[in-house]
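Chemist: Could you work out the structure for the sequence below:
(2 chains)
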There are 2 protein chains.
Amino acid sequence: MQTDARTVPTFADVAAAADLISSRLVRTPVMSSPAFDKRADRRVVFKCENLQHGGAFKYRGALNAILPLAMAGNVSAVATHSSGNHGTAVALAAKVCGLDAYVVVPHDSAKPKIANIEQAGAELIFCEPGLPAREARLAEVMQRTGAHLVHPFDDARVIAGQGTATLELLTEEPNLDVVCTPVGGGGLIGGTALAAKAMAPQCRVIAAEPEKADDAYRSFREGKRLFVTLPATLADGLRGSIGALNFTLLQSHVDDVVTVTEREIVAAMRIVLQDLKLLIEPSSAVAVAAVLAGKLGNPGQRVGIIISGGNVDLDQCPFLRGATLT
Amino acid sequence: MQTDARTVPTFADVAAAADLISSRLVRTPVMSSPAFDKRADRRVVFKCENLQHGGAFKYRGALNAILPLAMAGNVSAVATHSSGNHGTAVALAAKVCGLDAYVVVPHDSAKPKIANIEQAGAELIFCEPGLPAREARLAEVMQRTGAHLVHPFDDARVIAGQGTATLELLTEEPNLDVVCTPVGGGGLIGGTALAAKAMAPQCRVIAAEPEKADDAYRSFREGKRLFVTLPATLADGLRGSIGALNFTLLQSHVDDVVTVTEREIVAAMRIVLQDLKLLIEPSSAVAVAAVLAGKLGNPGQRVGIIISGGNVDLDQCPFLRGATLT
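Modeler: Predicted coordinates:
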């Protein structure tokens, strides 16, 4: 039975998503580094969704939402708004499923993400930053094209799809004490929490957020959804506020939300590059920064981190710049 | 029967090395990227030895040389000279085997490589750059300590160990048209050629070298060993000249040597970071640059590249610099 997009998903939806989409995903590696473990004073494993199709976990949710639409046969196009990675994921999933894709993109999104969406075959529609502008432009596009909405995070099938990353991680590493993901709209932490609490009840589930975009942190503590507007964080995937379905999951399935500074985010990106040889985007570095700051579990424990993506504008990154070799 | 270090090894030595050391290695992943394939107009797979213990393929050869010494029980220490990665590998392998390690290091080696050797537990001895200074200092150290030499490349057991990377690659990807590694002292290309010509006779074996350190290129063409002295290439692992055993293998088992420019090396590092999310060192980027320049096989063919290492001094890299976020 198809879960309605507007209901809170369950672990059964995550398991069903895995059955539906796993064969079409990159089975991303789980990596670790003795040097990183020493820094963190913990055993840390990284589920490398930066190596997923489209360079981010977002392909999981998009495919889990779009594949059933294509199989039902009564939809010819999908549409979404996205700061980048979800847009690429929708474009790629739509192409695989033979559908058209329209993606509304804030014009300040990271350039490689915009290029990825276009290369993946979607039609781009630019808008101003901020949720109201994005939603208004998306409504226009859907009216004009008849495209079906694939929401970036506030959708049960999207959330269930995102949870498959943690399902894979816990299949390989069942004895984690903590699992952590970054939180923006909350699709990743929502799906992760469903998978973790079902598969590894001993495992604490912690969301990590930039101090500068701390809506989930404050919402979790105050017990009601609070919002941020255009937060000035480098973590461009986490500038939105947590969605309604994911806030419900945050309250029922997540043990804590922690925050990190912009400086810690940049340091974490650099450390992962050095120790694990992996390029991760600032949004992913938020969870890494949390473990380096000692905010995930206790010394000696086993921590799993979902590396959400690796799409970095190398020209804009604070510690990377364009090659000017002469 | 133990192969003598000064004989030219055979594929049987590579196979024996795999039996001896595989269980103690990282089984490094074979990665690929649709975006990279489009750039290269070929299907390219990367054997990621930047994810090996010590961040380079060098651990394979070091362990294959040191483990039999430790098992024989009449050696208490090993020594070598190294621009970096071989030194770390010897230090790590010695520690695993319960031996002491002395490593002679040119003082201009990449800082993270020096730090790695020290952290791996070796005693460091600095020397001037250049092979004569390295060999002179190493002779002193061996005389003083009684340590057994583990040569960085001109040693049959080291060469056989390095070949196990390609043995693993061809086990997973048997239908490659070309396999390519960088060439410095030649241990990696020597071992690779042994594995490839035995396991995949159809597969061309090509060595890639910086234009600025083209001793193997010229040696291959002129049919006699030629040398370079302190070449000014960014590829710090490839500044030495090809060893005697490896030159023999180059003549008998390698199909071609190609060269690339410094600019191509930097561009290739950056492209791998963007497309594969992987940090590779300049020496590894030499082989990547060769495929991007169209010098490995023909459009549409399948190319395997051994990513030799990922130890980069982020502060010195031409397109990376220290974080100065304020």
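Chemist: Looks to me like residue A:157 is in a helix.
Modeler: Yes. Counting by DSSP: H, G, I helix; E, B strand; the rest coil, one finds residue A:157 located in a helix.
Chemist: Residue A:67: what secondary structure?
Modeler: Counting by three-state DSSP, the backbone at residue A:67 sits in helix.
Chemist: quick one: it from chain B, how far?
Modeler: 20 Å (C-beta to the nearest C-beta, to the nearest Å). Every residue, glycine included, has its C-beta placed from N, CA and C.
Chemist: which bits of the stretch 1-150 of chain A sit near chain B?
Modeler: With C-beta under 8 Å from any C-beta of the partner chain as the criterion, the stretch 1-150 of chain A meets chain B at residues A:29, A:31, A:35, A:48, A:50-51, A:55, A:112, A:119.
Chemist: between those, which has the most around it?
Modeler: residue A:55 (30 neighbours; other C-beta atoms under 10 Å in any protein chain shown).
Chemist: What helices and strands are in contact with the worst-scoring helix or strand of chain A on mean pLDDT?
Modeler: For chain A, using mean pLDDT, DSSP states H and E, the weakest element among its helices and strands is helix A:111-119, scoring a mean of 86. Based on contacts counted as 3 or more C-beta pairs under 8 Å, 6 or more residues apart in numbering or on different chains; DSSP states H and E, the elements that helix A:111-119 packs against are helix A:85-97, strand A:100-106, strand A:123-127.
Chemist: Inside strands: which ones of the residues of the stretch 1-150 of chain A next to chain B?
Modeler: A:31, A:48 (DSSP state E).
Chemist: Take the residues of the stretch 1-150 of chain A next to chain B and lay them out in TSV including distance to residue B:298.
Modeler: Shown next, in TSV, are the residues of the stretch 1-150 of chain A next to chain B (distance: C-beta to C-beta, whole Å):
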residue	distance to residue B:298
A:29	31
A:31	34
A:35	40
A:48	32
A:50	31
A:51	28
A:55	29
A:112	30
A:119	25
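Chemist: and of the residues of the stretch 1-150 of chain A next to chain B, the nearest to residue A:151?
Modeler: Checking those against residue A:151 with C-beta to C-beta, the nearest one is residue A:55 at 20.4 Å.
Chemist: show me the contacts for the closest one.
Modeler: In this structure, residue A:55 makes contact with A:85, A:88, A:116, A:309-311, B:277, judged by C-beta atoms under 8 Å, 6 or more residues apart in numbering or on different chains.
Chemist: Quick check: nearest residue in space to it, chain neighbours excluded?
Modeler: Spatial nearest neighbour of residue A:55, chain neighbours left out: residue A:311 (4.6 Å); criterion: C-beta to C-beta, 6 or more residues apart in numbering or on different chains.
Chemist: Name the SS class of that neighbour, please.
Modeler: coil.
Chemist: burial measure for it, as a count.
Modeler: 28.
Chemist: Equivalent analysis for residue A:7, please.
Modeler: The tally of other residues near residue A:7 (other C-beta under 10 Å) stands at 11.
Chemist: Residue A:249 now?
Modeler: Applying other C-beta under 10 Å, I find that residue A:249 has 26 neighbouring residues.
Chemist: try the one 10 residues further on
Modeler: Counted with other C-beta under 10 Å, the neighbours of residue A:259 add up to 21.
Chemist: Get me the contact residues on the stretch 151-300 of chain A for chain B.
Modeler: A:262-263, A:266-267, A:270, A:273-274, A:276-280.
Chemist: Buried among those residues? Need that as a selection in ChimeraX.
Modeler: The ChimeraX command for the buried members of those (criterion: 16 or more other C-beta atoms under 10 Å in any protein chain shown) is given here:
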select /A:262,266,267,270,273,274,276,277,278,279,280
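Chemist: Looking at the residues of the stretch 151-300 of chain A next to chain B, point me to the pair that's furthest apart.
Modeler: A:262 and A:277 (23.7 Å).
Chemist: picking up where we left off before, take the residues of the stretch 151-300 of chain A next to chain B and keep only those in helices.
Modeler: A:262-263, A:266-267, A:270, A:273-274, A:276 (DSSP state H).
Chemist: Need these in CSV (columns: pLDDT).
Modeler: Putting these into CSV (pLDDT from 0 to 100) gives the following:
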residue, pLDDT
A:262, 95
A:263, 94
A:266, 93
A:267, 94
A:270, 92
A:273, 95
A:274, 93
A:276, 97
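Chemist: Outline the domain layout of chain A.
Modeler: A:11-53+A:156-307, A:58-149 (automatic domain parsing).
Chemist: comparing the ones you listed, which gets the lowest mean pLDDT score?
Modeler: Here the domains of chain A differ in mean pLDDT, and the lowest is domain A:58-149 at a mean of 93.
Chemist: what helix or strand does the closest residue to residue A:221 other than its chain neighbours sit in?
Modeler: Using C-beta to C-beta, 6+ apart and skipping residues adjacent in sequence, the residue nearest residue A:221 is residue A:257, 7.8 Å away. Element membership for residue A:257 (DSSP states H and E) is strand A:256-260.
Chemist: Just the residues contacting that strand, thanks.
Modeler: A:183, A:204, A:206-211, A:214, A:216-217, A:220-221, A:250, A:268, A:286, A:289-290, A:293, A:295-296.
Chemist: From residue A:134, how far off is the spatially closest residue to residue A:4 that is not a sequence neighbour?
Modeler: Leaving aside its sequence neighbours, residue A:4 sits nearest to residue A:156 (C-beta to C-beta, 6+ apart; 6.6 Å). Taking C-beta to C-beta, to the nearest Å as the measure, residue A:156 falls 21 Å from residue A:134.
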